[in-house]
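>>> Predicted model follows, preceded by the sequence.
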Amino acid sequence: MKLIVKTSLHYLWLSLSILLVTGVIFYLVLRNNISHEIREQLELQVDMVSKEIKKGHKLIFPLIEVKQVTAGHSTSSIFRDTLIYDHLQKEYEGYYYLSQIKVIDNKHYYIKVMTTYIGWNAYLKTITLIFLGLTFLLVSAGIVVNYFISKRIWRPFLNNLTILKEHSIQAKSNLLLQRSDIDEFEQLNVVLHEYADRNRKEYVGLQEFTENASHELQTPISIIRARLESMSQMPLNNDVANYVNDAKQALERLSKVNKGLLLLAKLTHDNFPDQQMLPVSAVLTGQVIQLEELFESRGLKLHQDIQKTAIKASPHLFDILISNLLSNMVRHTNRGGFVAVKLDSDKLLFTNEGYPLPFPEKELFSRFKKNHNSSAGAGLGLSIINQICLVHKWRITHQYKEGRHNFTVWFSYS
């Protein structure tokens, strides 16, 4: 739920609660005031009737009742409401009456005066309608005003959020956030700038270390390889020959790891400006032809559905991407298993039969993450593939379904 919606809902519930309580209090206060005013008017009428009786005038009013009573009745006033049937409207009407015993010229008179009033249900209905209309107007106006004010207040934050989504620590430009006149947003900007600068420095340092270490390792690897080749030409017993062979295999894997790390360092620096319109269908077909013998040696028949397609890409990186995906397919498919490749203008799909992943799928494109059952490879192939896709703003996905791995390179990042 968006923050602006949540604040609007809080405002709505708070407004409704306040208006509801206010309406109830208003009704109770209004009822009490009206009752008090009616009683005062009835008391005034009783006094006026008493004066008329004292003057000896005869009173004939439909809402006044006067009769002489014997002494001993209570002189306290009785103020109540009652219902009287209206024959014209054929319904009961609400009345207030006040009855009181008055002593006039040593005679006791029972005086009862009445007045009609609008029923409390009518008052309640009217007040309810007024408050419902008022509630609708206030809440609607409040939500609209709150929405536009919030949009204006939160605009710098939302713009900065978009900037952060698009920013990468690999970018050479610094993080530029929109200024705001709100202190909290400015404090957040300061923290984000410091955080981005610190991460960029750490990232650049790590990349430089990886690149330098890979370069420095190339010379000793070459020397060790040359010495091992020389030793393998010498007359050696079986044990020593096996040791030399194991050392050569370990050295080759170390060399692959070193080259992979060096390539990843270059990829993260985005040092491949040679992107051009590339006939990827021809490149893919050429690589498949080169690996035909390898597929046949594993008893694999590659199913191909390659449409003529050209996209903007780095020739060198696309060669590496195709080579790694095909090698991954051969390495992890059982003998005689199903393998297929499909290319169209939107995507490149590699499918192969294989066992489920022995680790979470989200770790598939991590460095040095590989199937423990396979010792071949340096564990950097899929990480390199993922980085190549990022350089080109492509997207790679993996799906395991019905015993088959499906690696899809989408040429659009959306």
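It's in.
>>> same question for stretch 87-94, mean pLDDT?
If you average the pLDDT over stretch 87-94, you get 76.
>>> How about stretch 324-337?
87.
>>> Same question for stretch 353-368.
In the prediction, stretch 353-368 has an average pLDDT of 76.
>>> next one: that stretch to chain centre, how far?
28 Å (Cα atoms, centre = their mean, to the nearest Å).
>>> Run through who's touching stretch 94-112.
35, 38-39, 42-43, 45-46, 49-50, 53-54, 64-71, 73-84, 113-120 (Cβ atoms under 8 Å, 6 or more residues apart in numbering). (C-beta placed from N, C-alpha, C; glycine too.)
>>> Helices - which of the residues you listed land there?
35, 38, 39, 42, 43, 45, 46, 49, 50, 53, 54, 120 (DSSP state H).
>>> Got the confidence number for the residue lying closest to the third one once chain neighbours are set aside?
Okay, so that is residue 39. In this structure, residue 39 finds its nearest non-sequential neighbour in residue 79, 5.2 Å apart by Cβ to Cβ, 6 or more residues apart in numbering. You'll see residue 79 listed with a pLDDT of 83.
>>> before we move on, the earlier item: the contacts of stretch 94-112, buried ones only, as a PyMOL selection?
Burial among the contacts of stretch 94-112 is assessed by 16 or more other Cβ atoms under 10 Å; the matching PyMOL selection reads:
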select buried, resi 38+42+45+46+49+50+53+64+66+113+114
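>>> The longest strand belonging to the chain: which residues count as buried?
Counting by DSSP state E, the longest strand found in the chain is strand 91-104. By 16+ other Cβ under 10 Å, the buried positions in strand 91-104 come out as 95, 96, 97, 98, 99, 100, 101, 102.
>>> ok, now stretch 228-245?
Result for stretch 228-245 [16+ other Cβ under 10 Å]: buried residues residue 244.
>>> what do you get for stretch 187-207?
Result for stretch 187-207 [16+ other Cβ under 10 Å]: buried residues 188, 189, 192, 196, 200, 207.
>>> Excluding chain neighbours, give the residue nearest to the fourth one in space.
What it means is residue 196. Residue 196 sits nearest to residue 175 (Cβ to Cβ, 6+ apart), 4.2 Å away.
>>> Let me know the secondary structure of that neighbour.
coil (DSSP: H, G, I helix; E, B strand; the rest coil).
>>> Give me the neighbour count for it.
20 (other Cβ atoms under 10 Å).
>>> Spit out the contact partners of it.
Counting by Cβ under 8 Å, 6+ apart, residue 175 has contacts 163, 164, 167, 192, 193, 196, 197.
>>> Strands of the stretch 251-400 of the chain, start to end?
276-278, 301-306, 311-313, 338-343, 347-353, 395-401 (DSSP state E, counting those that start in this stretch).
>>> beta partners of the residue nearest to residue 364 when sequence neighbours are not counted?
Nearest residue to residue 364 in three dimensions, chain neighbours excluded: residue 398, at 5.6 Å (Cβ to Cβ, 6+ apart). Assessed by DSSP bridges, residue 398 has beta-bridge partners residue 407.
>>> looking at it, residue 398 is touching residue 406, isn't it?
Yes - the pair residue 398 / residue 406 is scored as a contact, 6.9 Å apart, by Cβ atoms under 8 Å.
>>> returning to that earlier point: need the strands of the stretch 251-400 of the chain in TSV with distance to residue 181 and mean neighbour count, can you?
Below are the strands of the stretch 251-400 of the chain laid out as TSV (distance: least, Cβ to Cβ, whole Å; neighbours: other Cβ atoms under 10 Å):
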stretch	distance to residue 181	mean neighbour count
strand 276-278	47	12
strand 301-306	58	13
strand 311-313	43	18
strand 338-343	53	19
strand 347-353	47	20
strand 395-401	39	14
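>>> For residue 154, which of those is the nearest?
Between residue 154 and the strands of the stretch 251-400 of the chain, the shortest separation by Cβ to Cβ is 30.3 Å, and it involves strand 395-401.
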